[in-house]
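Trainee: model this:
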Amino acid sequence: MGVKSKAAAAILVLLLFLGSLWLQGGLDYHWESCLKGYNQVNELHQLSNSSKADGAEGPHVLEGCPGQTFQVSLLLTHLLAAPAYTSDVLLQPYLSSWDELVKFMESLGPMVGLISKEIETKTSIIRQLALLSEENREAELSPDIHLLNMEAETKNDLAASPHTGTYHSVRSMIQVELDRNVVDFHHQTDSGCRTLLRLHRALLWLKLFLEKLAETPVAGRLKSPSELCREAYQSTLANHHTWFVRRAAELAFIAMPERGFFYRLVCVQNQEEFSRVLDMVVQATGEVYDRTQKALEENGMLDLP
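Mentor: The predicted structure follows:
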């Protein structure tokens, strides 16, 4: 089989793979409606780039990388803004972190970038649920003119504060969906908790991939990003995928750029500088992941269908 035939076969298999089971469960007819609401919802949940800048001290501050759509400095800002209280995660910066990670995946080429579309769909679902929850809450209030004015002011406050609303954090979302009997532990639903679980699993994959990219072996060669991404996948998402999906995923990783591309992506010159940047991102990602893991585990949601 020639190179072109192999490429065509890989693309075909990948498209089938992405359209079905990438994060264990497609969204089918919900895709179009959720994507329609994305722009509107994103206005409500947009995080200011400076939302946690004062909390990022010294070594956590990264400069922007001119000419790149993906900005590792912005990703780190969002990740550092996400942890709240002693064990919670704010959804606004969490989803904003995913927005930046989507740009990261899209920068790796069309084969890997296609995977990001499923991620975008899932972040849109949570944003849509948050918006609908606020609209329903407002609809239950008295129609008195004075109260309507107060509601308008409240809605404006929601856009500025990450600490308001039933979907303001991971734990608040879990609690409200349990209270409303939205979560089904035996059948597939489009709840925010189920959607979060799929994002949570994907975050572990990306965290491990970045962690492996940051490693500098004492002796021997640096493994290619393609190898490292495959290893990270096999240790994480592969555990939730069928044999066919696992084979298709590995085909997608073959097209991943070489290490030099990643240096340019974050504006560094060598592996040592690259490792320093990634170590900060991995540490911040780990904190967000661990908090989300604990919240899901405490509520028995690590295996939602």
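
Trainee: so how far is V281 from N299?
Mentor: Per CB to CB, to the nearest Å, N299 is found 28 Å from V281. For the C-beta atoms, the positions are set from N, CA and C on the backbone; glycine is no exception.

Trainee: Ok, E100 next?
Mentor: Using CB to CB, we find E100 at a distance of 10 Å from V281.

Trainee: what's the answer for L210, then?
Mentor: In this view, L210 and V281 are 6 Å apart by CB to CB.

Trainee: for K207, same thing?
Mentor: Distance, K207 to V281, by CB to CB: 9 Å.

Trainee: Settle it for me: which of the two has more neighbours?
Mentor: V281 (24 against 20; other CB atoms under 10 Å).

Trainee: got any ranges where the stretch 51-200 of the chain has weak pLDDT?
Mentor: Applying pLDDT under 70 to the stretch 51-200 of the chain flags residues 51-61, 137-164.

Trainee: What ranges does it have for its helices?
Mentor: All helices of the stretch 51-200 of the chain, identified by DSSP state H, counting those that start in this stretch, fall at 72-81, 91-106, 110-139, 145-160, 170-179, 192-214.

Trainee: In CSV, please show the C-alpha coordinates belonging to the second one.
Mentor: Looking back up the chat, that one is helix 91-106. In CSV, the C-alpha atoms belonging to helix 91-106 read as follows (Å, rounded to 0.1, in the frame of the first residue of the first chain):
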residue,chain,number,x,y,z
LEU,A,91,-15.9,25.9,36.4
GLN,A,92,-15.2,29.2,34.6
PRO,A,93,-11.4,29.0,34.7
TYR,A,94,-11.6,25.2,34.3
LEU,A,95,-13.5,25.5,31.1
SER,A,96,-11.2,28.4,30.0
SER,A,97,-8.3,26.1,30.6
TRP,A,98,-9.9,23.6,28.2
ASP,A,99,-10.4,26.4,25.6
GLU,A,100,-6.6,26.9,25.6
LEU,A,101,-5.9,23.2,25.5
VAL,A,102,-8.2,22.9,22.5
LYS,A,103,-5.9,25.5,20.8
PHE,A,104,-2.9,23.4,21.8
MET,A,105,-4.4,20.3,20.2
GLU,A,106,-5.5,22.2,17.0
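
Trainee: ok, back up a step: so what's in contact with E100 and V281 at the same time?
Mentor: Common contacts of E100 and V281 (CB atoms under 8 Å, 6 or more residues apart in numbering): L75.

Trainee: hang on, the earlier thing: pipe the helices of the stretch 51-200 of the chain into JSON lines and attach distance to L251 per row.
Mentor: Formatted as JSON lines, the helices of the stretch 51-200 of the chain follow (distance: least, CB to CB, whole Å):
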{"stretch": "helix 72-81", "distance to L251": "27"}
{"stretch": "helix 91-106", "distance to L251": "16"}
{"stretch": "helix 110-139", "distance to L251": "8"}
{"stretch": "helix 145-160", "distance to L251": "42"}
{"stretch": "helix 170-179", "distance to L251": "33"}
{"stretch": "helix 192-214", "distance to L251": "16"}
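
Trainee: Which of those helices sits closest to A248?
Mentor: Nearest of these to A248, taken as CB to CB: helix 110-139 at 10.7 Å.

Trainee: Quick test: name the residue nearest the centre of this protein.
Mentor: W98 (3.3 Å; CA atoms, centre = their mean).

Trainee: Give the other helices and strands that the host helix or strand of A284 contacts.
Mentor: Assigned by DSSP states H and E, A284 belongs to helix 271-298. When contacts are defined as 3 or more CB pairs under 8 Å, 6 or more residues apart in numbering; DSSP states H and E, helix 271-298 packs onto helix 72-81, strand 83-84, strand 88-89, helix 91-106, helix 170-179, helix 192-214, helix 259-265.
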